[in-house]
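Peer 1: Please work out how this folds:
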Amino acid sequence: MRKNSLPHLLYQILFIFIVLIATPIMINAASGAPVKLSGSKTTINVGETVTIFVDFSNQNYYYRFSLTNSNNDVLSFSNNTIYVENSVAGNPMKFTVKGIKPGSSTIRVKDIDSANYNTEKFAPAYGSLTINVVAKSTSKPQPPQIDNTERDKQQPTKSPEELEQEELARRMKTPLIKEIKLISNSTRLKGQLLETIEPTSEKFDYSALLGRNINNITLDIKTIKDDVKLHYDKNVSFQEGKDSLEITIKASQDKLEQNYKLKLEKPQDAKFAINDGPRKLNLMVDNYLDKSMEDLGFEKVLMDGNNPSKGFNYLMNKQRFLVGVDSEDRVFIYLDEKSGPLREVFLVSDKNNKVSILVNETLPEDDIRTFMESEYENHQITISPLLTDLDPSLEFNNKIGG
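Peer 2: Prediction:
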């Protein structure tokens with residue numbers, strides 16, 4: 001028996017070895033090193049995707065494994081891949097999931113039990129990753145807060161004098177003078193308001209055009225506050241033969257000073273002469289006359305639209321009129337007809353300022369014609385007060401032959 005026992009034992013060992021070689025060896029992943037499960041993000045917004053990495057870093061054989069998702073309403077696999085065969089160890093597999101709605105879902109790795117391949121019985125899970133899904137914020141990002149502390153520290157501190165100058169420069173933009181009234185102190189329009197000037201921000205030069213024969217002016221000035229002090233000449237006059245006058249007004253409030261310059265001007269004569277026999281006249285240029293003629297229904301029209309100095313007419317019913325004044329301030333009005341000589345006229349108005357035009361037909365001294373045995377003679381008529389009241393120093397011709 002002993003002789004036969006050894007060969008028999010060797011035969012049994014050889015048989016077992018052959019059986020082992022012929023049988024395939026299937027190794028469960030759970031028996032190896034842990035699997036690495038990671039994600040590019042663990043918190044995502046609804047609608048956002050994230051990549052999941054599965055890494056068998058220390059395993060050198062093939063696997064069949066699955067990824068499970070604990071909450072399919074929160075996360076979904078974009079590539080719809082659950083089972084992966086023959087995954088090479090050390091080469092991470094990539095999967096993409098997408099956030100569906102706010103919540104939390106856990107992804108786990110499970111190895112498919114090799115011994116139960118056909119039934120796909122899952123072995124216990126190992127390795128997991130939780131992804132949080134949050135609602136996308138609709139609020140606008142707040143601008144970054146800038147800390148000016150260090151910058152302010154670097155800027156040099158301004159001296160009290162510099163701060164005072166800056167404050168004065170700021171206050172300089174507000175006029176200390178509220179209005180400047182120009183009142184006639186001449187015989188013409190005496191006591192009447194000629195013009196009102198209201199200073200504006202950062203403007204200190206002003207001008208005003210006055211009428212004829214206004215040589216003396218009274219200034220009536222109002223300031224923005226009672227503590228503003230004024231230095232100026234209240235009554236000013238044109239020098240003889242001068243057509244312009246410059247006035248300086250100084251306004252001060254504590255350390256603030258403002259200097260205003262005011263230029264007053266008389267109208268310039270037009271370069272247009274009226275010849276009526278022995279009479280040598282110039283056009284009467286006066287803004288108050290323009291206003292009176294307008295009230296009577298006339299329109300001022302330039303003879304040359306590009307050059308006012310060439311003269312103007314007063315137009316009514318397509319007829320043109322000229323108002324001339326001689327060196328002795330005597331005023332004559334003419335009907336200007338290009339087809340014939342100038343004819344002197346008189347403007348008579350009723351209480352409603354409706355104008356009637358009378359043509360002067362003065363006869364020569366040697367004309368002895370009569371009408372119903374009556375000789376022609378000069379009569380005085382009443383010119384419209386809108387004209388005669390313009391200036392007491394003016395003398396309107398009101399003698400008509402008849």
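
Peer 1: can you confirm residue 187 is in a strand?
Peer 2: No. Going by DSSP: H, G, I helix; E, B strand; the rest coil, the assignment for residue 187 is coil, not a strand.

Peer 1: contacting residues for it?
Peer 2: The neighbours of residue 187, taking Cβ atoms under 8 Å, 6 or more residues apart in numbering as the test, are 213, 392, 393. No exception for glycine: its C-beta is placed from N, CA and C like everyone else's.

Peer 1: So which residues of this structure form helices?
Peer 2: Using DSSP state H, the helices of the chain run over 2-22, 149-154, 160-171, 287-295, 385-388.

Peer 1: average pLDDT across the fourth one?
Peer 2: Pointing back at helix 287-295 there. Helix 287-295 shows a mean pLDDT of 91.

Peer 1: List the buried residues of that helix.
Peer 2: Under the neighbour-count criterion of 16 or more other Cβ atoms under 10 Å, helix 287-295 has 288, 289, 290, 292, 293 buried.

Peer 1: if I look at the nearest residue to the third one once chain neighbours are set aside, how far off is residue 74?
Peer 2: Just to be clear, that refers to residue 290. Of all residues not flanking residue 290 in the chain, residue 300 sits nearest, at 5.5 Å (Cβ to Cβ, 6 or more residues apart in numbering). According to Cβ to Cβ, to the nearest Å, residue 300 stands 88 Å off from residue 74.

Peer 1: higher neighbour count, those two?
Peer 2: Neighbours per residue, other Cβ atoms under 10 Å: of residue 300 and residue 74, the larger number sits with residue 74, 20 against 14.

Peer 1: Kindly state the pLDDT recorded for that one?
Peer 2: Predicted confidence (pLDDT) for residue 74: 77.

Peer 1: tell me the contacts of it?
Peer 2: Residue 74 makes contact with 99, 100, 101, 102, 103, 104, 105, 131, 133, according to Cβ under 8 Å, 6+ apart.

Peer 1: Surely the last one and residue 98 touch.
Peer 2: Looking back up the chat, that one is residue 133. No. Look at residue 133 against residue 98 with Cβ atoms under 8 Å: they stay out of range, at 9.2 Å.

Peer 1: who's more crowded, those two?
Peer 2: residue 133 (24 against 15).

Peer 1: quick one: the more buried one from residue 109, how far?
Peer 2: For residue 133, the distance to residue 109 - Cβ to Cβ - is 20 Å.

Peer 1: Check residue 300 too.
Peer 2: 101 Å.

Peer 1: ok so, going back, could you dump the buried residues of helix 287-295 into CSV and include distance to residue 233?
Peer 2: As requested, the buried residues of helix 287-295 are arranged in CSV below (distance: Cβ to Cβ, whole Å):
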residue, distance to residue 233
288, 25
289, 29
290, 30
292, 31
293, 34
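
Peer 1: In the stretch 101-250 of the chain, where is pLDDT below threshold?
Peer 2: Low-confidence segments of the stretch 101-250 of the chain, defined by pLDDT under 70: 111-127, 138-155.

Peer 1: between the buried residues of helix 287-295, which is nearest residue 276?
Peer 2: residue 289 (18.9 Å; Cβ to Cβ).

Peer 1: For burial, what's the neighbour tally of the residue lying closest to that closest one once chain neighbours are set aside?
Peer 2: In space, and not counting its chain neighbours, residue 289 is closest to residue 390: 6.1 Å by Cβ to Cβ, 6+ apart. For residue 390, the count of nearby residues is 22 (other Cβ under 10 Å).

Peer 1: Sweet, I'm off.
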